[in-house]
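Novice: Could you look at this predicted model? Sequence included:
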Amino acid sequence: MADLDYEGFWKETLIQLRNDLGEEEFSGWFSNLKYLHARFDEKTGKNSIVIGVPSAFHRDKVSSRYKNAISSTLQKLSDKDITIDFELNKKSEAKPEKKGIEPVQSTKKESISAEKTTKTKIKRENHPQLRDDYTFKRYVIGENNKFPANAAIAISENPGKAYNPFLIYGGVGLGKTHLMQAIGNYIHENTENEVIYITSENFLNEYLEGLKPQEHGRNTMKSFKNKYRYTDVLLIDDIQFFTDKPGVQEELFHTFNELLDAKKQIVFTCDRPITELKKFPERLISRFGLGLMADLQPPRYEERCAILKSEAENKKVSIPNEVIDLLSNNISSNIRDLIAALTTLIAYTQLMGKPITLEIAQQRLKTIFNSPRPTNLSMDNVIRVVAESFGLTPNDLKGKKRTQNIAFARQLAMYIGRRMTDYSYTEIGQDFGGRDHSTVLHSINKIEDKLITDSTLESTIESLKRSIKEFSAKY
Ligand code: ADP
Ligand code: MG
């Protein structure tokens, strides 16, 4: 059997997989696999090829997704049954400049246990700023998020080297924070790198704190700068918050440069493409061009089902398929809402001691769909009040007419809707007669522009907001 050219078959298999999967997907999963050796088992008469993988996570993913495709390609090429085994590949994981990096140990017994016995893995505590359930294991990957998710995995395995900086953008509730924290959790768990996660709001607050006069000789600005400029991995969430805040933008710019120069990983999230951020200095925007920007798209029906199934599995609850179907069909543009509906349903049935059935789901969901979101106002109310104040009807704002008065009222309602609720651009678009998210974004930008030149607009908006609140309290 030794005459079989196993390595040749492996190389040929890679070429075929690259063709089948496309460059993007292929390079995410296969470019850092390494042919190690082949085995022939005399007793069973079986051939196997052993491939090195960079991490246990990578191994599990490649194994569950691609093992069949690899095996059948190998068989076609060699006309033999060749099984494929994966081993953690120590070399591809070793990073000389960093100490103590070890691949993740998701299972107790690894085939590489021999090389591990010499080291004892120090289990790090959970990261204090990261949610321990925001991991890759809990992140369902589908067509809608394949690109950012694969990039995030590549970054986790190679922080500071794969793509830097990395920007994840997309609407509310689409998984930006989860994906960003998954990177943080992975690096925290598997390396000794220091990871800092911070929301933009807190970053700003700490910066403002640093500007205050010194207390007791402590230089808070200096410690602020040291903290953020000398970490290994910096995750900053929701940077749209820095819009029109020149002081902190300047600070961000310097932090950015220091970290990039030192090849430290930076990850940002934003609710829109970076080029659509208003009042963001060009030199800051151009820094993002050095790395990778990837957008999260709303999940399609199949992905919504997969997310619900995975959520149910995590909660160890069994959910009938027709209930999954009902939820997936009714909640389409926001994963947070989708999961919240499932959580409500589970809580209700558990409290009532009943199983989850389609009938109960339909009943419960009626209350979810018909009532405005608990902490938010409904878009319908926003539309009604704004329309009325312009002497128009809600249908005028939802319809196609574009006279100046109607177009302005429509833009204003979208702007106020976005400010007062946590509806995404896509959702707002749906409430305005099925317009798409870029139209909504464009309208909101128009109002933002007008706010600069029209000094009375701000107070008009404030008074409309008050009326909307009053109206919503009544109905
Ligand atoms: P964003 O930061 O974009 O507003 P989040 O990251 O807070 O969104 O995600 C909202 C909720 O949806 C979270 O509970 C998150 O765990 C969940 N979620 C988002 N995307 C996925 C996914 N692909 N798989 C599983 N859960 C997801
Ligand atoms: Mg978020």
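Specialist: Nice, I can see it. Ligands and ions are numbered 1, 2, ... in the order given.

Novice: any idea of the pLDDT on the residue in the chain positioned nearest to ligand 2?
Specialist: Per Cβ to the ion, T177 is where the chain lies closest to ligand 2, at 3.3 Å. Backbone N, C-alpha and C define where each C-beta goes, glycine included. Looking at T177, its pLDDT stands at 98.

Novice: Go ahead and confirm it touches I236.
Specialist: No. Using Cβ atoms under 8 Å, T177 is not in contact with I236, being 11.2 Å away.

Novice: How about the residue of the chain closest to ligand 2, nearest residue that isn't a chain neighbour?
Specialist: Distance criterion Cβ to Cβ, 6 or more residues apart in numbering; nearest residue to T177, sequence neighbours excluded, is D237 at 5.7 Å.

Novice: and that neighbour, bridged to which residues?
Specialist: D237 has these beta-bridge partners by DSSP bridges: T199.

Novice: residue contacts, it?
Specialist: K176, T177, M180, Y197, I198, T199, S200, F268, T269 (Cβ atoms under 8 Å, 6 or more residues apart in numbering).

Novice: May I ask you to confirm that the third one is in contact with Y169?
Specialist: Right, the one you point to is M180. No. Counting by Cβ under 8 Å, M180 does not reach Y169; the two are 11.0 Å apart.

Novice: tell me, what's touching these two both at once?
Specialist: With contacts defined as Cβ under 8 Å, 6+ apart, the residues shared by M180 and Y169 are T269.

Novice: Tell me the residues on the stretch 151-300 of the chain that lie near ligand 2, please.
Specialist: The stretch 151-300 of the chain comes close to ligand 2 at residues K176, T177, as judged by Cβ under 5 Å from the ion.

Novice: What ranges does the stretch 151-300 of the chain have for its strands?
Specialist: All strands of the stretch 151-300 of the chain, identified by DSSP state E, counting those that start in this stretch, fall at 166-169, 195-199, 233-237, 265-270, 292-295.

Novice: Turn the ones you listed into a markdown table, columns for mean pLDDT and distance to ligand 1.
Specialist: As requested, the strands of the stretch 151-300 of the chain are exported to a markdown table (pLDDT from 0 to 100; distance: least, Cβ to the nearest ligand atom, whole Å):
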| stretch | mean pLDDT | distance to ligand 1 |
| --- | --- | --- |
| strand 166-169 | 97 | 8 |
| strand 195-199 | 97 | 10 |
| strand 233-237 | 98 | 7 |
| strand 265-270 | 97 | 6 |
| strand 292-295 | 95 | 11 |
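
Novice: between the ones you listed, which gets nearest to A312?
Specialist: With Cβ to Cβ as the criterion, A312 lies closest to strand 166-169 of the strands of the stretch 151-300 of the chain, at 25.8 Å.

Novice: what are the pairing partners of that closest one, and which direction each?
Specialist: strand 265-270 (parallel), strand 292-295 (parallel).

Novice: between those strands, which gets nearest to R65?
Specialist: Closest among the strands paired with strand 166-169, using Cβ to Cβ: strand 292-295, at 19.6 Å.

Novice: what comes into contact with the closest one?
Specialist: Contacts of strand 292-295 (Cβ under 8 Å, 6+ apart): F147, P148, A151, Y163, P165, F166, L167, I168, Y169, G170, P273, I274.

Novice: Recalculate using a threshold of 6 Å.
Specialist: F147, P148, A151, Y163, F166, L167, Y169, G170 (Cβ atoms under 6 Å, 6 or more residues apart in numbering).

Novice: Same question for stretch 182-190.
Specialist: For stretch 182-190, contacts defined as Cβ under 6 Å, 6+ apart pick out 104, 127, 130, 134-136, 139, 152, 155-156, 159, 193, 195, 197, 233, 235, 267.

Novice: How about stretch 316-325?
Specialist: C305, L308, A312, I346, I356, L358, A361.

Novice: and whichever residue of the stretch 151-300 of the chain sits closest to ligand 1, backbone torsions?
Specialist: Among all residues of the stretch 151-300 of the chain, G175 sits closest to ligand 1, at 2.6 Å; criterion: Cβ to the nearest ligand atom. The phi and psi torsions at G175 (degrees, to the nearest 10) take the values phi 110, psi 20.
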